[in-house]
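Q: sequence? don't have it. structure:
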């Protein structure tokens with residue numbers, strides 16, 4: 001199911017991703033102990049649109065998790081320490 005871009009951006013920031021401006025909104029995950037990870041993704045600079053399922057799946061792969069886990073991360077049921085365990089398993093941390 002598509003997600004509002006603002007909610008995705010906000011969800012990533014709330015879970016330890018840091019924002020960097022570029023030609024897109026770049027989000028890079030920093031661990032609880034302050035280490036930069038390989039988990040990163042980006043969204044468009046535009047406002048007021050939904051991110052479709054295909055793009056959400058791509059963002060999930062970039063962040064080292066399944067689409068289901070990515071949506072749980074953004075929607076908040078997946079807590080930050082649990083996300084770190086998942087990306088350690090995927091080799092992104």
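A: Arrived safely, thanks for sending. The structure presented is a predicted model; accordingly, all values stated were derived computationally and were not measured. Numbering: from 1, shown residues only.
Q: what is the neighbour count of residue 43?
A: Residues contacting residue 43 under the criterion other C-beta atoms under 10 Å number 19. No exception for glycine: its C-beta is placed from N, CA and C like everyone else's.
Q: now the longest strand seen in the chain: buried residues?
A: Secondary structure of the chain per DSSP state E: the longest strand is strand 36-43. Buried residues in strand 36-43, counting neighbours by 16 or more other C-beta atoms under 10 Å, are found at 37, 39-41, 43.
Q: surely residue 83 and residue 66 touch.
A: No. In this structure, residue 83 is not within contact of residue 66 by C-beta atoms under 8 Å, at 11.7 Å.
Q: comparing those two, which residue is more hemmed in?
A: For residue 83 versus residue 66, the count of surrounding residues by other C-beta under 10 Å is larger for residue 83: 25 against 14.
Q: residues in contact with that one?
A: Residue 83 is in contact with 15-16, 29, 65, 69, 73, counting by C-beta atoms under 8 Å, 6 or more residues apart in numbering.
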